[in-house]
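1. sequence first, predicted coordinates after that:
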Amino acid sequence: MNIKNRRSAHLRLSLFACIVAACAVIPARATIMQFLEVEDLTRLSSDIFHGQIVSVETVWNAEHTRIYTKVRLRVDEALKGSTRRSEIITITQLGGERDGIKIDYAGRPEFSQGESVVLFTTPGKSSDFTVVALKQGKMHVAGSEVTRDFSGITLVDPKSRGKNLQTLSIKSTRLTLDELRTRIARTR
């Protein structure tokens, strides 16, 4: 092989290595889920809360192998379940950032202190709760408007099956808090 061909081969190999390295560091962010209506979320949930986020804290598990986010919420209204108004409950979910290390996945609901939310939940491992259906189980409340945010997840039509899965292009939906209450109450 002559020098020109060796340089060309070396250049192609270097270019290939750079492409492989670049692909390795670009995060793949796709969570595919069946779209769930409010009624579906209600049936899957043991407790549904409307309240204010009091605090958000990330913690390591005992083995220092996983990071969890602990969200404390003051309940303004229990839409399903036995929680009382003004009670402080804890939501625990896998993921978050601690000590410069981040554990994340597409569709993980994120919380901000002071945020008003409706959460669809099930009991966790101790006296805490877990959000149902990732982001689908968290709704942001502003005044009397409720917004469902589907960014970071690919939704499929629940009527489609197998090789014929139909994706839905829904980024968010809005409804009133009264409409949400009515739909939850009708489904219980």
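-> Sure thing, it's come through.

2. contacts only, for the most centrally placed residue in the chain.
-> By Cα atoms, centre = their mean, the chain has its centre lying nearest to Arg108, at 2.5 Å. Taking Cβ atoms under 8 Å, 6 or more residues apart in numbering as the definition of contact, the neighbours of Arg108 are 93-95, 134-135, 152. The C-beta positions use only the backbone N, C-alpha and C, and glycine is treated the same way.

3. which ones among those map onto strands?
-> Among the contacts of Arg108, the members found in strands (DSSP state E) are 93-94.

4. can you flag the buried ones in the contacts of Arg108?
-> Under a neighbour-count criterion of 16 or more other Cβ atoms under 10 Å, the subset of the contacts of Arg108 counted as buried comprises 93, 95, 134-135, 152.

5. can you map out the strands along this structure?
-> The residue ranges that make up the strands of the chain, judged by DSSP E, are 31-34, 47-60, 67-80, 88-94, 96-98, 101-103, 116-123, 129-131, 138-142, 145-149, 153-156, 167-168, 172-176.

6. now the ones you listed in JSON lines, with distance to Arg186 and mean pLDDT?
-> Conversion of those to JSON lines gives the following (distance: least, Cβ to Cβ, whole Å; pLDDT from 0 to 100):
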{"stretch": "strand 31-34", "distance to Arg186": "21", "mean pLDDT": "89"}
{"stretch": "strand 47-60", "distance to Arg186": "13", "mean pLDDT": "98"}
{"stretch": "strand 67-80", "distance to Arg186": "12", "mean pLDDT": "97"}
{"stretch": "strand 88-94", "distance to Arg186": "24", "mean pLDDT": "97"}
{"stretch": "strand 96-98", "distance to Arg186": "35", "mean pLDDT": "95"}
{"stretch": "strand 101-103", "distance to Arg186": "38", "mean pLDDT": "94"}
{"stretch": "strand 116-123", "distance to Arg186": "15", "mean pLDDT": "98"}
{"stretch": "strand 129-131", "distance to Arg186": "22", "mean pLDDT": "97"}
{"stretch": "strand 138-142", "distance to Arg186": "17", "mean pLDDT": "98"}
{"stretch": "strand 145-149", "distance to Arg186": "16", "mean pLDDT": "96"}
{"stretch": "strand 153-156", "distance to Arg186": "23", "mean pLDDT": "91"}
{"stretch": "strand 167-168", "distance to Arg186": "23", "mean pLDDT": "90"}
{"stretch": "strand 172-176", "distance to Arg186": "14", "mean pLDDT": "94"}
